[in-house]
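**Student:** Let me see the structure of the following:
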Amino acid sequence: MGPTAWLRGAPADLSLVVVTWHTPRVAPARLARSTLALALALACACVERPPEPPPAASDDGELVDAVVQATVTRDELVALVPAEIVVDNGYTVYAISYRTQGTDATATVTLPDSAAPPGGFPLVANAHGTIGLDDPCRLSGTIAGAGLAALFGARRAVGVAPDYLGLGGPGLHPYLHVESEGRAVLDALRAARALAEREGISASTRVAVVGLSQGGHAALATGAVHQGYAPELELRAVGAAAPASGYREHWSAIGLSGPHQLYYAMLSYAFATEAGLAAAELFAPGIAADVDALFATRCAWSPSFNADEPLLSDALPEDPRELYRDDARAAFRGEVEAAWADDGFATRRLPAFTTSAAVRVWQGDADETVLAEDTVELVRALREGGLDVELTLVPDAGHLDTAFGFLASLDRARAESVAWVLAALGDLPSAIAR
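**Tutor:** As a prediction, this is how the structure comes out:
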């Protein structure tokens with residue numbers, strides 16, 4: 001899913017910040033403040049959210065606007081990141097808006113400051129995990145967005161961190177919706193390539209997409225929709241860490257109390273919104289009147305690492321009896337027929353697909369948010385559908401320290417996963433071989 005309470009306590013005023021963490025074996029909402037270490041990602045003091053997007057562009061994938069957020073040199077990065085982190089180049093960070101699926105969305109892009117390799121820089125989208133459902137939760141223009149884009153932006157590639165639909169444009173975010181996630185990621189890659197060309201930087205059509213948790217779901221969704229939606233992009237690699245599957249059978253704990261109810265509530269609310277239902281038709285009387293405002297204004301974690309920012313977990317109860325109506329819980333579990341839940345899960349379930357791209361999944365065996373057994377089941381289903389996909393179980397890794405975090409994240413499979421993506425993209429000479 002996504003990080004939650006562990007983000008509290010992060011310094012709010014840093015220059016050059018990148019996020020790194022080590023994850024204890026507890027659910028995200030219980031992660032302690034002490035698990036967060038800050039080292040570098042973006043000039044925090046100069047980060048501002050980009051202005052509201054200008055009038056709609058004409059075509060999906062078209063770059064609408066781009067705002068420079070910061071420029072960071074390689075020497076500055078090397079001085080601040082842990083010694084284990086490879087930094088090949090500095091980069092300029094942009095917050096962009098672009099067209100996708102007939103509306104506007106936002107993303108973060110890092111453009112390398114080094115000479116492009118033959119054929120141009122490849123592009124890598126690092127799709128983010130669960131954060132929220134509306135514009136306050138967008139990552140473009142924040143430290144978090146810069147850190148995600150920089151994971152490959154500092155490795156001789158154009159880094160892209162998409163916000164998906166609804167997290168920087170009109171409407172509510174359709175949480176875990178396969179088609180919208182995949183298309184938003186592909187259109188962000190198209191727009192990032194247009195930005196590079198506008199800035200006089202050679203960019204190739206070779207692309208890769210990676211992500212953690214919801215981002216892993218988005219990466220696999222991108223692989224599923226790529227050939228029919230953006231065949232001009234040469235998709236070389238799809239990497240997913242602890243991917244949410246969207247399988248209804250993996251969302252079976254709606255009747256149990258715990259911090260996981262935050263994600264169940266987000267998914268239920270997204271289902272209800274798409275079905276045109278009022279909050280009172282799903283949520284318990286004690287919370288129903290507040291739900292609309294909560295999801296419009298609060299996030300699962302703070303995109304800017306503001307320790308004082310009110311979060312969804314501060315207001316949503318963990319007891320399902322206090323959170324949902326009884327009939328809504330039954331519908332969510334599939335015990336009674338309900339179109340809002342049945343249709344909702346149908347559009348979230350990752351489908352069988354085939355692709356010429358290399359596909360690999362990393363899963364921590366100590367993950368208590370996305371369980372290893374669920375990921376094994378997902379991979380088995382994808383293989384049965386004809387996909388050639390490799391599964392790597394990472395010993396002692398939890399949900400947030402497996403792979404595809406921020407630039408300075410000391411993930412347990414960090415070196416292996418980054419090297420795998422770069423190898424799939426082709427010959428990218430590194431300034432430092434490690």
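
**Student:** Neighbours of Pro231, how many?
**Tutor:** Neighbour count for Pro231, taken as other CB atoms under 10 Å: 9. For glycine as for every other residue, the C-beta is placed from the backbone atoms N, C-alpha and C.

**Student:** Kindly give the local confidence score, pLDDT, for it.
**Tutor:** We have a pLDDT of 97 for Pro231.

**Student:** Asp292 too?
**Tutor:** What the model reports for Asp292 is a pLDDT of 98.

**Student:** Skipping adjacent residues, who's closest to it in space?
**Tutor:** Distance criterion CB to CB, 6 or more residues apart in numbering; nearest residue to Asp292, sequence neighbours excluded, is Ala279 at 5.6 Å.

**Student:** for Ser213, same thing?
**Tutor:** Ser213's closest residue in space is Gly129 (CB to CB, 6+ apart), at 3.7 Å.

**Student:** Does the one you found fall in a helix, a strand, or a coil region?
**Tutor:** With DSSP: H, G, I helix; E, B strand; the rest coil as the basis, Gly129 sits in coil.

**Student:** ok, now how distant is it from Ala328?
**Tutor:** 25 Å (CB to CB, to the nearest Å).

**Student:** what about those two, which has more around it?
**Tutor:** Regarding Gly129 and Ala328, a neighbour count based on other CB under 10 Å identifies Gly129 as having more, with 28 against 24.

**Student:** Which helix or strand lies directly C-terminal to the strand or helix carrying Glu322?
**Tutor:** Taking DSSP states H and E as the criterion, Glu322 maps to helix 320-323. Downstream of helix 320-323, the next assigned helix or strand under DSSP H and E is helix 326-333.

**Student:** give me every residue that touches the residue most central in space within the chain.
**Tutor:** Residue closest to the average C-alpha location in the chain (CA atoms, centre = their mean): His128, at 1.2 Å. Taking CB atoms under 8 Å, 6 or more residues apart in numbering, we find His128 in contact with 2, 139, 144-145, 148, 161-163, 211-212, 214-215.

**Student:** quick one: which of the residues you listed is most hemmed in?
**Tutor:** Pro162 leads those on contacts (other CB under 10 Å) with 38 neighbours.

**Student:** Show me what that residue is bridged to.
**Tutor:** Beta bridges link Pro162 to Ala107 when assigned by DSSP bridges.

**Student:** Secondary structure of Thr273: a helix, I assume?
**Tutor:** Yes: assigned with three-state DSSP, Thr273 falls within a helix.

**Student:** okay, it: pLDDT?
**Tutor:** For Thr273, the pLDDT comes out at 97.

**Student:** My read is that it contacts Tyr175, right?
**Tutor:** No: taking contacts as CB atoms under 8 Å, Thr273 lies outside contact range of Tyr175: 9.6 Å.

**Student:** out of these two, which sits in the more crowded spot?
**Tutor:** Neighbour count, other CB under 10 Å: between Thr273 and Tyr175, Tyr175 has more, with 30 against 22.

**Student:** Name the SS class of that one, please.
**Tutor:** Classified using three-state DSSP, Tyr175 is coil.

**Student:** what's the burial count for the closest residue to it other than its chain neighbours?
**Tutor:** Nearest residue to Tyr175 in three dimensions, chain neighbours excluded: Ala270, at 4.2 Å (CB to CB, 6+ apart). If you count neighbours by other CB under 10 Å, Ala270 ends up with 22.

**Student:** Could you pull up phi and psi at Ala270?
**Tutor:** Taking degrees, to the nearest 10, you get phi -60, psi -40 for the backbone angles of Ala270.
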